[in-house]
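Participant: fold the following, please.
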Amino acid sequence: MSHRETITHEELLKAVAYNAKTGIFVSNRTGLRVGFVKDKRGHRVIELRGKRYPETRLAVFYVTEAWPIGYVRNKSKRHDRYTKFKDLVYTQPEQPEPETPEPTIYEKIMGLINLIWGR
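Facilitator: Next up, the predicted model:
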């Protein structure tokens, strides 16, 4: 995925705020947590400018101003604390990630509920 990142650091800073201690991204516009759980493993993604980004990669990009090379390992599914990443970035890039499928209607509804209730 590292070759497809299109958002700039400036655009990221305008769209969201990130707390490295809690690992949570919030919208600068609404003040609510952004993103949703994309799969059964519980990994979270954030959609910016019509493209989905894993929160772990955005956290590294937010803090370091550089896209990580390879895979960022984070065992926590509840948050993406920058300070808790293990082996922050592997030096060898892994296989490209498959395209993320469009969220189901259930995921869209749950995302809306989370947006409304601030979860």
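
Participant: A helix includes E102, no?
Facilitator: No: counting by DSSP: H, G, I helix; E, B strand; the rest coil, E102 falls outside a helix, being coil.

Participant: what separation do you get for it and W117?
Facilitator: Applying Cβ to Cβ, to the nearest Å, the value for E102 to W117 is 23 Å. From N, CA and C alone the C-beta is placed, and that goes for glycine too.

Participant: and H43, how many neighbours?
Facilitator: Using other Cβ atoms under 10 Å, H43 has 14 neighbouring residues.

Participant: mind listing what the nearest residue to S27 once chain neighbours are set aside touches?
Facilitator: Distances taken as Cβ to Cβ, 6 or more residues apart in numbering place V34 nearest to S27, at 5.0 Å, with adjacent residues excluded. Counting by Cβ atoms under 8 Å, 6 or more residues apart in numbering, V34 touches 16, 25-27, 46.

Participant: can you do 10 Å?
Facilitator: Counting by Cβ atoms under 10 Å, 6 or more residues apart in numbering, V34 makes contact with 15-17, 24-28, 44-48, 55, 58, 111, 114-115.

Participant: you'd agree P54 is up against L48?
Facilitator: No: P54 is beyond contact range of L48, at 11.8 Å (criterion: Cβ atoms under 10 Å).

Participant: quick check: longest helix of this structure.
Facilitator: With secondary structure taken from DSSP state H, the chain has its longest helix at helix 105-117.
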